[in-house]
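A.B. asks: Turn this into a structure:
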Amino acid sequence: MTTPDAVPADALPSLETVSPADPAVPPPPVEPSLPAPPAEVPVTVTAAVIVDPETEAAPATDPAVLVASDLDRTLIYSTGALQLTMADHEAPRLLCVEVYGHKPLSYITETSAALLEELGRTTLFVPTTTRTREQYHRIRLPGPAPRYAIVANGGHLLVDGVTDLGWHAGVTTRIADGCAPLDEIRAHLATVTDPAWLLKERIAEDLFAYLVVERTLLPEGWVKELADWADPLGWTVSLQGRKIYVVPAPLTKSAAMHEVARRTGATLTLAAGDSLLDADLLMAADRGWRPGHGELADTDWHAPHVEALDRRGVLAGEEILRGFQRAARG
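C.D. replies: This is a model prediction of the structure:
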């Protein structure tokens with residue numbers, strides 16, 4: 001995932017020579033001792049665009065298309081989530097897009113890198129994640145730096161990398177008006193978790209809580225019991241890999257996506273995601289994609305305008321990006 005696929009030689013543009021005069025019209029007479037000056041020949045050069053071989057060439061830019069995509073296990077993948085089930089010699093080349101603790105953490109394929117480069121040039125690409133701002137800023141995606149990013153599950157709207165304070169204030173007001181306090185959620189979690197399977201308990205941006213657990217030791221039905229308790233208090237629960245998120249219901253990716261669309265005048269919204277925290281985003285978009293892995297796939301979640309892919313792991317990210325491209329081109 002360092003460079004896009006090479007363009008075949010016969011696909012590159014040629015140099016086209018344009019004749020300055022009609023050969024049927026004879027040139028004016030000149031003195032024999034003074035030869036006619038050579039005619040200047042203008043040359044037209046067309047720039048080549050490197051694209052993924054499975055997509056059409058030379059896309060047309062359309063800033064009215066907004067692409068809001070989840071990141072982890074949708075576009076970027078940790079080593080444990082890659083699902084490289086093919087023979088070793090057939091595995092895709094990978095590009096590291098995140099380092100944590102001086103070690104590589106998240107990857108995309110080189111083909112995905114080329115697709116993201118193009119998507120960033122031809123659409124309004126908006127990374128949309130439950131990550132905190134600090135966690136999000138560790139990621140280095142190919143392509144132009146996004147103008148907008150949605151982080152903390154919609155709690156922060158970044159504009160050129162900086163929090164929009166007005167948006168954040170509105171979010172916190174809606175949470176305070178409609179949900180039990182975060183301290184009450186934390187107190188309950190302290191009484192119902194077990195050190196035998198609880199690895200970490202964290203608070204994200206003073207907005208929501210999440211637990212890191214040992215999945216193999218997590219009691220069956222525990223997540224559902226927590227969700228049933230949290231729902232009347234205005235909170236939702238989502239299990240993603242080893243993490244259990246407890247998030248206030250007004251804290252949504254879809255609300256932030258609608259705000260970006262309003263500000264930019266986007267007329268077509270495309271989205272992708274793999275978890276229950278992405279369901280509202282997918283429902284709010286005009287078209288959506290979900291991979292064949294993750295919480296949505298495990299629960300057989302469907303919607304008429306959302307394409308449920310069979311492909312799993314990092315290659316699902318490639319398929320989602322191709323879907324974005326095709327939809328953006330109409």
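
A.B. asks: I'd like to know how many residues surround the nearest residue to residue 196 once chain neighbours are set aside.
C.D. replies: Using Cβ to Cβ, 6 or more residues apart in numbering and skipping the chain neighbours, the partner closest in space to residue 196 is residue 217 (5.9 Å). The C-beta positions use only the backbone N, C-alpha and C, and glycine is treated the same way. Other residues lying near residue 217 total 11 when counted by other Cβ atoms under 10 Å.

A.B. asks: likewise residue 228?
C.D. replies: 10.

A.B. asks: now residue 259
C.D. replies: Residue 259, neighbours per other Cβ under 10 Å, totals 17.

A.B. asks: For the stretch 201-330 of the chain, just list every one of the helices.
C.D. replies: Per DSSP state H, counting those that start in this stretch, the stretch 201-330 of the chain carries helices over the ranges 222-230, 253-264, 279-284, 295-298, 314-329.

A.B. asks: could you redo those as TSV and give each row mean pLDDT and distance to residue 213?
C.D. replies: What follows is these, written out as TSV (pLDDT from 0 to 100; distance: least, Cβ to Cβ, whole Å):
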stretch	mean pLDDT	distance to residue 213
helix 222-230	97	9
helix 253-264	98	23
helix 279-284	97	22
helix 295-298	95	15
helix 314-329	97	24
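
A.B. asks: how about those helices, which one is nearest residue 172?
C.D. replies: Relative to residue 172, the nearest member of the helices of the stretch 201-330 of the chain by Cβ to Cβ is helix 253-264, separated by 12.9 Å.

A.B. asks: For the closest one, buried residues please.
C.D. replies: Residues of helix 253-264 classed as buried: 253, 254, 255, 256, 257, 258, 259, 260, 261 (neighbour count, 16 or more other Cβ atoms under 10 Å).

A.B. asks: Among those, which one lies nearest to residue 303?
C.D. replies: residue 254 (12.7 Å).

A.B. asks: ok, now how distant is that closest one from residue 203?
C.D. replies: 23 Å (Cβ to Cβ, to the nearest Å).

A.B. asks: picking up where we left off before, look at the residue nearest to residue 196 and report its pLDDT.
C.D. replies: For residue 217, the model assigns a pLDDT of 97.

A.B. asks: now do residue 88
C.D. replies: At residue 88, pLDDT is 97.

A.B. asks: what's the spacing between stretch 77-84 and its chain's center?
C.D. replies: 17 Å (Cα atoms, centre = their mean, to the nearest Å).

A.B. asks: what's the answer for stretch 191-211, then?
C.D. replies: Chain-centre distance of stretch 191-211: 26 Å, with Cα atoms, centre = their mean.

A.B. asks: doesn't residue 78 make contact with residue 105?
C.D. replies: Yes. Applying Cβ atoms under 8 Å as the test, residue 105 and residue 78 come out as touching, 6.1 Å apart.

A.B. asks: Show me the residue at the heart of the protein, geometrically.
C.D. replies: residue 69 (3.4 Å; Cα atoms, centre = their mean).

A.B. asks: For that residue, list the residues it contacts.
C.D. replies: 75, 125, 126, 127, 128, 271, 272, 273, 320, 324 (Cβ atoms under 8 Å, 6 or more residues apart in numbering).

A.B. asks: ok, residue 122 to residue 278 distance?
C.D. replies: For residue 122, the distance to residue 278 - Cβ to Cβ - is 23 Å.

A.B. asks: Neighbour count: those two, which is higher?
C.D. replies: Taking other Cβ under 10 Å, residue 122 and residue 278 do not tie; residue 278 has more neighbours (31 against 19).

A.B. asks: Okay, the more buried one and residue 150: tell me how far apart.
C.D. replies: 11 Å.

A.B. asks: so what's in contact with the two at the same time?
C.D. replies: residue 253.

A.B. asks: Name the helix or strand for residue 125, please.
C.D. replies: strand 124-127 (DSSP states H and E).

A.B. asks: Packing partners of that strand?
C.D. replies: Applying 3 or more Cβ pairs under 8 Å, 6 or more residues apart in numbering; DSSP states H and E, we find strand 124-127 packed against strand 65-69, strand 148-151, helix 253-264.

A.B. asks: Report the distance from the first one to the chain centre.
C.D. replies: What separates the centre of strand 65-69 from the centre of its chain is 8 Å, taken as Cα atoms, centre = their mean.

A.B. asks: which parts of it are buried?
C.D. replies: Neighbour-count burial for strand 65-69 flags 65, 66, 67, 68, 69 (criterion: 16+ other Cβ under 10 Å).

A.B. asks: With adjacent residues omitted, what lies nearest to residue 274?
C.D. replies: Nearest residue to residue 274, sequence neighbours excluded (Cβ to Cβ, 6+ apart): residue 294, at 3.0 Å.

A.B. asks: my guess is the one you found meets residue 275, correct?
C.D. replies: Yes. Look at residue 294 against residue 275 with Cβ under 8 Å: they come within range, at 5.8 Å.

A.B. asks: what sits in contact with each of these two?
C.D. replies: What both residue 294 and residue 275 touch, as defined by Cβ under 8 Å, 6+ apart, is the set 73, 240.

A.B. asks: And stretch 182-200, end to end?
C.D. replies: End-to-end distance of stretch 182-200 (Cα to Cα, to the nearest Å): 17 Å.
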